[in-house]
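Undergrad: kindly generate the corresponding structure for this input.
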Amino acid sequence: MKQVNIYPTSSIKVALEKLEKNQVGTLIVINKNRKFLGTLTNGDLRRAILKTKSISQKISNHYNKRAIFFIKGETPLKKIEKILIKEKFDYIPILNKSMKVIKLFGNKDCNKKIQNKKNNNEIDKIKVVIMAGGLGTRLEPFTSILPKPLIPINGKPVIKHIIESLKLGGIKIFWITLNYKSILLKSYFREIKSKEKINFIEEKKPLGTVGSVRLIEKKLSTNFFLTNCDTIIKTNYLDIYNFHKKNSFDLTIVASLKKYVIPYGVCEANKDYSLKELNEKPFYDLLVNTGLYLIKKDIIKMIPLNKKYDMNMFISDLKKKNKKIGIYPIDSDSWVDVGQWSEYKNALELLNY
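TA: Numbers count the residues shown, from 1 in each chain. I've put the predicted structure just below:
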């Protein structure tokens, strides 16, 4: 359970990385003697991130010290199964009498009837809209020849990386909005004879980063993902969906933790212009919008028909209407923005799958 165990002195960043890698949804907090201290779930961790706005803080004040556990042989399996389902836990720790974890009891350990009930999730019914109609001016001169979604990364177009990442998360139905160099994009998918269920929406004029969604309002699922065509994210999409649904959000923004370091000494001055303090290379932990969203279908009617309408305008209008907007944080290593040259070069090294 290497990627499941964690020490209370570990940072939020380390915890998030472990959760992304193990795909379990739960970390077991242990002491130096490997004795059980508690659990840290996706929910615990994301609440900590939103509260502290820092990824360097320790998890010691954020894990569940009163987590449910069972000692092996002391509780009937049927009772453990009922609690697992009722409380919607990913796993329940099973300990020996020395308080060391010997097993994580999860869905796979339940009888088949309960397994089927728990596995009946809605992720495979959710549709995704990929906004691929932009000019891609930040990637010129490449985009004067190719549309941004077809810019290659390690021999594969950006949009193919995006679709494959979403497929790994259980997404099966795709809508792609087109405008700039749309013929080339359609030709690409015809040539590769894509096995995915891909539908196209062609804009007669540029409709911004969310405007074209209104054109397919009746085609979308109750909740649907929307993503930019230069955002590649490796994460658990079911977790995002459950987070969105559990909190009854109208719109969920997937945000990446980014540490920005100012490469200079920063001077803080007093009112008389004398030096108050010199901060050498200060850094800031920020939550950056990745360009991936989960949207409730009900709010699409707020998007004007056949008018250019960007996501920042949409979010502003939603706030004015007191709609509920959530933030789902992910680790910086789970997100690559290939829409600008500096990040594109990083993507060539990071995307080796």
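Undergrad: just how off-centre is the longest strand belonging to the chain within its chain?
TA: In the chain, taking DSSP state E as the definition, the longest strand is strand 283-296. From the chain centre to the centre of strand 283-296 is a distance of 9 Å (C-alpha atoms, centre = their mean, to the nearest Å).
Undergrad: list the buried residues for that strand?
TA: Neighbour-count burial for strand 283-296, with 16 or more other C-beta atoms under 10 Å as criterion, is recorded at 285, 287, 289-296. C-betas here are computed from N, CA, C, even on glycine.
Undergrad: before we move on, what about stretch 250-266?
TA: Residues of stretch 250-266 classed as buried by neighbour count (16+ other C-beta under 10 Å): 250-257.
Undergrad: take it, keep the C-alpha atoms, and write them as CSV.
TA: Provided in CSV are the C-alpha atoms of stretch 250-266 (Å, rounded to 0.1, in the frame of the first residue of the first chain):
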residue,chain,number,x,y,z
ASP,A,250,-24.6,24.7,-11.3
LEU,A,251,-21.0,25.1,-12.6
THR,A,252,-17.8,23.5,-11.4
ILE,A,253,-14.5,24.9,-12.4
VAL,A,254,-11.5,22.5,-12.4
ALA,A,255,-8.6,24.5,-11.0
SER,A,256,-4.9,23.6,-10.9
LEU,A,257,-2.6,24.4,-8.0
LYS,A,258,0.3,26.5,-9.3
LYS,A,259,3.2,27.8,-7.4
TYR,A,260,4.5,31.1,-8.9
VAL,A,261,7.9,32.2,-7.9
ILE,A,262,9.0,35.8,-8.5
PRO,A,263,12.7,35.5,-9.6
TYR,A,264,13.8,38.7,-7.9
GLY,A,265,14.1,40.2,-4.5
VAL,A,266,10.9,42.2,-3.9
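Undergrad: distance from it to the middle of the chain?
TA: Chain-centre distance of stretch 250-266: 15 Å, with C-alpha atoms, centre = their mean.
Undergrad: then stretch 169-189?
TA: Distance, centroid of stretch 169-189 to centroid of chain: 21 Å (C-alpha atoms, centre = their mean).
Undergrad: equivalent analysis for stretch 47-54, please.
TA: Centroid separation for stretch 47-54 versus its chain: 16 Å, with C-alpha atoms, centre = their mean.
Undergrad: the very next helix or strand once past the longest strand of the chain vs strand 283-296, what angle?
TA: Reading on from strand 283-296 to the C-terminus, the next helix or strand found by DSSP states H and E is helix 311-320. Going by axes from the mean of the first three to the mean of the last three C-alpha atoms, to 10 degrees, helix 311-320 is angled at 80 degrees with respect to strand 283-296.
Undergrad: and the next helix or strand after helix 311-320, which strands flank it?
TA: Per DSSP H and E, the first helix or strand lying C-terminal to helix 311-320 is strand 325-330. Here strand 325-330 has these sheet partners by DSSP bridges: strand 251-261 (parallel).
Undergrad: run through who's touching the strand it pairs with.
TA: Residues outside strand 251-261 that contact it (C-beta atoms under 8 Å, 6 or more residues apart in numbering): 13, 16, 49, 55, 233, 235, 240, 243-244, 281-290, 292-296, 299, 314-315, 318, 323-332, 334-335.
Undergrad: quick one: low-confidence parts of the stretch 51-200 of the chain?
TA: Counting by pLDDT under 70, the stretch 51-200 of the chain shows low-confidence ranges at 53, 111-121, 133-147, 180-182, 191-195.
Undergrad: now the strands for it?
TA: With strands called from DSSP state E, counting those that start in this stretch, the stretch 51-200 of the chain shows them at 70-71, 91-95, 101-106, 127-131, 152-153, 156-157, 173-178, 197-202.
Undergrad: out of these, which comes closest to Asn228?
TA: With C-beta to C-beta, the closest approach to Asn228 among these belongs to strand 127-131: 5.7 Å.
Undergrad: paired strands for that closest one, with orientation please.
TA: In the sheet, strand 127-131 lines up with strand 173-178 (parallel), strand 223-228 (parallel) (DSSP bridges).
Undergrad: turn those into CSV, columns for mean neighbour count and distance to Gly265.
TA: Converted to CSV, those look like this (neighbours: other C-beta atoms under 10 Å; distance: least, C-beta to C-beta, whole Å):
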stretch, mean neighbour count, distance to Gly265
strand 173-178, 22, 46
strand 223-228, 23, 36
